[in-house]
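Chemist: Would you be able to build a 3D model of this:
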Amino acid sequence: MVLLSGQPVIIKDYKTQKLIKKWYYLDIAKSLDNNIDRHSAIIAFPESKRLRTFSGEIIDCSTPENEYKLGLFPLSKIFFFSEWRSKYCKYWQYDAQKLELIDTLEIEVLKKFEHYQIPVIQLRDSLPKEAVCQVFEDTNTSGCDLNYFDLMSSSYCANDFSLRDDWKLREAHFQQLLNGSDINKLLFCTIILQSYVKL
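Modeler: Here you go, the predicted structure:
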């Protein structure tokens, strides 16, 4: 999403668990330094594109000129690099060192994004829900245990129905029934009850 949407990425804040919007930037100099882990060259900015550091300093990327000046490349421009590059070079009045820096960034970092192939699994519409769940479970590479709700959500995705979004709309109605429990326990009980009724 960060690479193509042109919008800030919606993430869940680790501390507050609230949804927040972030822009991601690449510190050009750090990303090209072999002594620094490239992950540490990625900086998350709030939606305003103004980041307050621990020392109280404000790093302002709210304008392209500030991005150029600070040497921070917006990751949302990876697939629109030539336009950003042109304006960056013009800003620096085609300074030879800056041109070399931006050439190196393109070759060593950005070209890898262009050539990265994202695996895609296409499922037939006629595939039963159980098979969709099995594919989802087999391709889960996040290392997280899948719960009933995750598996149920995957089965309904095949029908262009978002169970997760639907649950958000209905959750308040079920709060008394859940009594402080979570959706997974409700689903588990529903499955047991359904199995009992079939007997």
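
Chemist: so how many other residues sit close to residue 110?
Modeler: 19 (other CB atoms under 10 Å). To be clear about C-beta, it is placed using only N, CA and C from the backbone, and glycine gets the same treatment.

Chemist: and if you look at residue 192?
Modeler: By other CB under 10 Å, neighbour count at residue 192 equals 10.

Chemist: the strands in this protein, which residues?
Modeler: 9-12, 19-27, 42-46, 50-52, 58-60, 72-74 (DSSP state E).

Chemist: Of all those, which one comes closest to residue 127?
Modeler: The stretch from the strands of the chain with the least distance to residue 127 (CB to CB) is strand 9-12; that distance is 29.8 Å.

Chemist: Could the C-alpha coordinates of the closest one be exported in CSV?
Modeler: Output of strand 9-12 as CSV, limited to C-alpha atoms (Å, rounded to 0.1, in the frame of the first residue of the first chain):
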residue,chain,number,x,y,z
VAL,A,9,-0.7,3.9,5.3
ILE,A,10,-3.3,3.1,8.0
ILE,A,11,-1.6,1.1,10.8
LYS,A,12,-2.5,0.2,14.4
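
Chemist: How about that strand, which residues are buried there?
Modeler: If you call a residue buried by 16 or more other CB atoms under 10 Å, then strand 9-12 has these buried ones: residue 9.

Chemist: Show me what that strand is packed against.
Modeler: In terms of contacts (3 or more CB pairs under 8 Å, 6 or more residues apart in numbering; DSSP states H and E), strand 9-12 is packed against strand 19-27.

Chemist: ok, back up a step: mind putting the strands of the chain into a markdown table with mean pLDDT and distance to residue 83?
Modeler: Converted to a markdown table, these look like this (pLDDT from 0 to 100; distance: least, CB to CB, whole Å):
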| stretch | mean pLDDT | distance to residue 83 |
| --- | --- | --- |
| strand 9-12 | 83 | 21 |
| strand 19-27 | 92 | 16 |
| strand 42-46 | 93 | 20 |
| strand 50-52 | 94 | 23 |
| strand 58-60 | 95 | 21 |
| strand 72-74 | 96 | 11 |
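
Chemist: can you tell me which of the ones you listed comes nearest to residue 113?
Modeler: strand 19-27 (10.7 Å).

Chemist: From the chain's centre, how far out is that closest one? Work that out for me.
Modeler: Relative to its chain's centre, strand 19-27 lies at 10 Å (CA atoms, centre = their mean, to the nearest Å).
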